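K.L.:
return a 3D structure for these sequence lines:
(2 chains)
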Amino acid sequence: MKSISILGAVFLALAVSAGQLRIGWAMNDISTDKPVQLAGTYNVRVSKGLRDPLMTTALAIDDGNDCVVFLSLDLLHVPPHVAERVRKRVKAEIPDLPPEKILFNAVHVHTGVHFYRGDKKLRDEYCDYLVSQIVKSIKEAWSSRAPGQIAYGYDLVVTAFNRRIVYFNERKGAIGSAPRGKATLHGRTDVDDFSHVEGGADPFANYFFTYDMKGELTGAIVNVGYTAQVSISDLYISSDTWCDMRKLMAERHPGVYILPQVAAAGEATYRLPYYHAAEKRSHRLMFGREPAYPGEFERKVIAGRIMTSFDRAHEWARKEKFSDLPLKHVVKTLHLSAYTPSEKDYQVALEGLETIKRQRVDPPWKDPRIRERNLSSLNSRENVCKRVVRLYENRDKIEKIPMEFHVLRIGDVGFVSEQYEYYFEFGQRIQARSPFVQTFVIELSASGGGYLATERATENGGYGTGFLCPVSPKGGQEIVEAAVATLEELKAADGSATPQRKGN
Amino acid sequence: MKIRIVCFAALTLLATAVSAGQLKIGWAINDISTDKSVELAGTFHWRHSKGLRDPLMATALAIDNGEDCVVFLSMDFISPPTHIVKRVRKIVKTEIPDLPPEKILFNATHIHTGVSIGRTEKPLAEEYSHYMSDQIVKSIKEAWNSRKPGQIAYGYDLVVTAFNRRIVYFNERKGSIGTSPRGKAVLHGRTDVPDFSHVEGGADPFANYLFTYDMDGKLTGAIINVGYTAQVSIKDCYVSSDTWHDMRKLMAEHHPGVYILPQVAAAGEATFEQPYYKEAEKRRYRLIYGREEAYPGEFQRKQIAGRILTSFDRAHEWAQKEKFSDLPLKHVTRTLELSPSVPSEVDYQAAKEGLKKIREYRENPPWKDPAVKKRWMSSLNGRENVCKRIVWRYENSANLKKVPMEFHALRIGDVGFVSEQFEYYFEFGQRIQARSPFIQTFVIQLAGMSGGYLATERASRNGGYGTRFLCPVSPEGGQEIVEAAVSTLKELKAMDEPATQQQKGN
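P.N.:
Numbering: from 1, shown residues only, chains lettered A, B, ... in the order given. Model prediction:
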């Protein structure tokens, strides 16, 4: 696989040695109460205000030889122009931090700001604010670095479900959003031809804990296969479940930071595939009242499970703290095989464009709410169809897709990032083949996004597969291979370096 | 899809309406262990018990509402042995005249450290069978006779108890003689290899609980229905109830005197083994316990039991707020006739080659390592039997009969129960739960008589252990159970229109 260094830097050395870790944390608000559009759906949603704050959290770690700044955003994805502006400012304002060492990720809330829709002035204003708050977090984390320790562990917890429902019979799909096939996003399961849920959901929660030199917990990376989208039907800016998790942390571990990361979870959902009446009943009995806002109970219950899991993992992981560890952070650009639309995709897209034209002239929806919702989604559907047509007609000239790719090791823990809504199975392949004791796969990292579905998901069709994916399943496997190879290089590089166990 | 329904024990109990009645509830538990030198059940190779690690138990929960009844009978065993079930029902008919024997819903927890009655030396096997039957009857009698007015509550929780054990690769694997059909899936296959594609499906995240209370609202027991087959102690050559022993110990600490009745949900492809993160798991145990295991699987058993207990408490915290004392109870027992599994041409050829290979192995064992040789040699009879069965079934495929299966469908208020006798794949269970009209539906596998695997269509396509020729019933037959379950549950639900539940709510 061809790889090109990003910003001229490839950091694979022949050997790594352990050094005293220095650790810094910071968190800042990136909210807005302005009437921005909310990101995450085809239909237009305008924010009514602020439900709870969006945050950006930074964790800076260096061992004297190499470094990383993990930067998590309560947003749908990491906007490329924002990442670029942040790096530019960091280069100018924090000269000892190489900008490519910032590993951005988004938690994929669907109640963050839309960067491409809505009033341009508002968007520009928000982007300026967002950039300055992110830079502030990075600066604060970087400049507050102090000698510290880390510990790591994992736990088994249900945070999400697979949302791809497979039927015995094929479904027709939806214009510009769902390729024809046997799978349907959030499909009904109480029907006669329900066959199965396509795959599993990630039961592993990975935790990376940080401490000061006295052994006091200062923060943790929480890496779960869970995309916080519970508040999708709530028209307010919100950090969704992560707000609840931060509240729980403040109660149980005051002053301790958390940095949320989403593992490979392109097909994950908070929604139960069945047992909906049982779930409602459980909420009625737990809370004894109506929810104060849509999704309140689901958010609280999921955050509660993550909190239990956090404490369960921390109880044993904290017994082995490390202060001196090898840290090596590699940043590359991978060039991935693009998804090429099939003849069938092309025909469906052409038909879709015709239908969209008709629907604009003569909307077939009687219910005003549905009509408004569907009409507001037509632009997005049209764009997808046009892209499919363009790609198909230029299929001989489709180029590889560049992707910012981070691979990192801190002692016996590996980290791999990629920028898509990467299906869980890809993440499993990386984790199963990684030479490290634990491997954090971080999705929606760096710039942009889009789905990246596996072979079997592509065969089953439905939303989140096929023409909705910029990169092909083959490209997804290219990430797996690059991740495993780089992790193996990083593991092999540490030769005689042995972690110094502190163990307090 | 046509399903032939035959009355079981001449009784089909669908009436036109059900009404709520005061529930009477009784519990009992008795030991069904042995420390004798029996053979252990659950593997193709033979495993001789070295003694007793921890007790096997038979737990009974009797519930009736004055109109209908059920006795749930859970045993720490691989599956309910057919002859034991028959004998128990015969004794019950004589000794408990007011309990119709077909109202006993047997299930096994599918431990792999129970007694193999078929392989154990005959006098010992007979002695054990009598003991086991007597102890089960004792549990049923005690539970039945101790019934008192009581209440129930129900709830569920989301918890990781198991993983899907079917590892799928990009490339086909050749299978194994008499155990694994050729295909892309391998039971517990390695995942750290370049052609690892995915884990075939998910594992059941739902734990279903039915709690019982006395009339003062004191918790007396609970059915725990999880998609987890306790097989951690498979490498420990001792009689053991595996994780359920640990769970009972935890219950004794946290809820003294409270019974639990374990049921396995549809979990034919479930395992306790993580598909990856093996090093991380070892490290976890090192840090949690800081010592070596006292016996194989000790830490895994304790960890899984710990997660189930956390889940139990989490569900109980809210479920206990809504207790019911008067509920409709209706229990239907039928025999379903299921479409049998028909071997394919590929499997037939593989079986014939397998039989040839087995003959060669017997004459000239190719294994150098004595332990491997012993293990393989002891499995040859089992493999040969399977291959012979495949050949026979293929050559008589036109004459294969439907497979009869004892089937229970039950409702207690807004909770449904469905039982079937196989190692029923999780996907089938999902289909039932998703389509059931009840708020919660407990699917109980390995219930009734002895079973075998019952794999889905996609598992059969992927091949590997636990599919195709290892299944007495076809995927179509698996779906016949789904359809029968859903339609019976719907009938049971439709009956109660005028019946309203009396909520006690203490």
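K.L.:
secondary structure element for the residue nearest to B:H245 when sequence neighbours are not counted?
P.N.:
Among residues not flanking B:H245 along the chain, B:D54 sits closest, at 4.0 Å (C-beta to C-beta, 6 or more residues apart in numbering or on different chains). For the C-beta atoms, the positions are set from N, CA and C on the backbone; glycine is no exception. Secondary structure assignment for B:D54, by DSSP states H and E: no helix or strand.
K.L.:
correct me, but B:D54 touches B:M247?
P.N.:
No: in this structure B:D54 lies outside contact range of B:M247 using C-beta atoms under 8 Å: 11.3 Å.
K.L.:
can I see the domain layout of chain A?
P.N.:
Domain assignment for chain A by automatic domain parsing gives A:3-164+A:194-336+A:399-498, A:343-397.
K.L.:
list the neighbouring strands of the strand or helix carrying A:I61 plus their orientation.
P.N.:
Here A:I61 sits within strand A:55-62, counting by DSSP H and E. Counting by DSSP bridges, the strands paired with strand A:55-62 are strand A:22-29 (antiparallel), strand A:67-73 (antiparallel).
K.L.:
and chain B, what are its domain boundaries?
P.N.:
Domain ranges of chain B: B:4-166+B:191-339+B:401-498, B:345-399, per automatic domain parsing.
K.L.:
buried deepest among those domains, which one?
P.N.:
Among those, ranked by average contacts under mean count of other C-beta atoms under 10 Å in any protein chain shown, first place goes to domain B:4-166+B:191-339+B:401-498 (a mean of 21).
K.L.:
quick one: that domain to chain centroid distance?
P.N.:
From the chain centre to the centre of domain B:4-166+B:191-339+B:401-498 is a distance of 5 Å (C-alpha atoms, centre = their mean, to the nearest Å).
K.L.:
what's the neighbour count on the closest residue to A:T355 other than its chain neighbours?
P.N.:
Ranked by C-beta to C-beta, 6+ apart and with sequence neighbours excluded, the top spatial neighbour of A:T355 is A:I175, at 5.8 Å. Applying other C-beta atoms under 10 Å in any protein chain shown, we find 20 residues neighbouring A:I175.
K.L.:
pLDDT score for A:I175?
P.N.:
You'll see A:I175 listed with a pLDDT of 90.
K.L.:
now for it: which residues touch it?
P.N.:
Going by C-beta atoms under 8 Å, 6 or more residues apart in numbering or on different chains, A:I175 touches A:348, A:352, A:355-356, A:381, A:385.
K.L.:
again, 6 Å this time
P.N.:
In this structure, A:I175 makes contact with A:352, A:355, A:381, judged by C-beta atoms under 6 Å, 6 or more residues apart in numbering or on different chains.
K.L.:
same deal with B:W46?
P.N.:
B:39, B:378.
K.L.:
hey, what's A:K328 bridged with?
P.N.:
A:R409.
K.L.:
in this structure it contacts A:R409, no?
P.N.:
Yes: applying C-beta atoms under 6 Å as the test, A:K328 and A:R409 come out as touching, 5.4 Å apart.
K.L.:
list residues touching both of the two?
P.N.:
Residues touching both A:K328 and A:R409 by C-beta under 6 Å, 6+ apart: A:L490.
K.L.:
flag every residue of the stretch 151-300 of chain B that's near chain A.
P.N.:
Residues of the stretch 151-300 of chain B that fall close to chain A, judged by C-beta under 6 Å from any C-beta of the partner chain: B:156, B:158, B:160, B:191-192, B:196, B:198-199, B:202, B:205, B:276, B:279-280, B:287-288.
K.L.:
inside strands: which ones of those residues?
P.N.:
Among these, the members found in strands (DSSP state E) are B:156, B:158, B:196, B:198-199.
K.L.:
once you drop chain neighbours, what's closest to A:N374?
P.N.:
A:W365 (5.6 Å).
K.L.:
can you check A:K344 too?
P.N.:
Closest residue to A:K344 apart from its sequence neighbours, by C-beta to C-beta, 6+ apart: A:R180 at 7.4 Å.
K.L.:
what's the per-residue pLDDT of A:G8 here?
P.N.:
Looking at A:G8, its pLDDT reads 36.
K.L.:
typed the wrong thing, it's B:T12
P.N.:
pLDDT recorded at B:T12 is 42.
K.L.:
likewise for A:A13?
P.N.:
Looking at A:A13, the pLDDT reads 43.
K.L.:
same deal with A:Y42?
P.N.:
In this prediction A:Y42 is given a pLDDT of 85.
K.L.:
again with the one 4 residues further on
P.N.:
Note for A:V46: predicted pLDDT of 95.
K.L.:
tell me the contacts of it?
P.N.:
Counting by C-beta under 6 Å, 6+ apart, A:V46 makes contact with A:35, A:37.
K.L.:
which of the domains of chain A sits most buried?
P.N.:
domain A:3-164+A:194-336+A:399-498 (a mean of 21).
K.L.:
what pLDDT, on average, does the strand holding A:I61 get?
P.N.:
Mean pLDDT, computed over strand A:55-62, is 98.
K.L.:
who in chain A is up against chain B?
P.N.:
Contacts of chain A with chain B, taken as C-beta under 6 Å from any C-beta, map to A:154, A:156, A:158, A:189-190, A:194, A:196, A:200, A:203, A:274, A:277-278, A:282, A:285-286, A:316, A:319-320, A:425, A:429, A:431-433, A:437-438.
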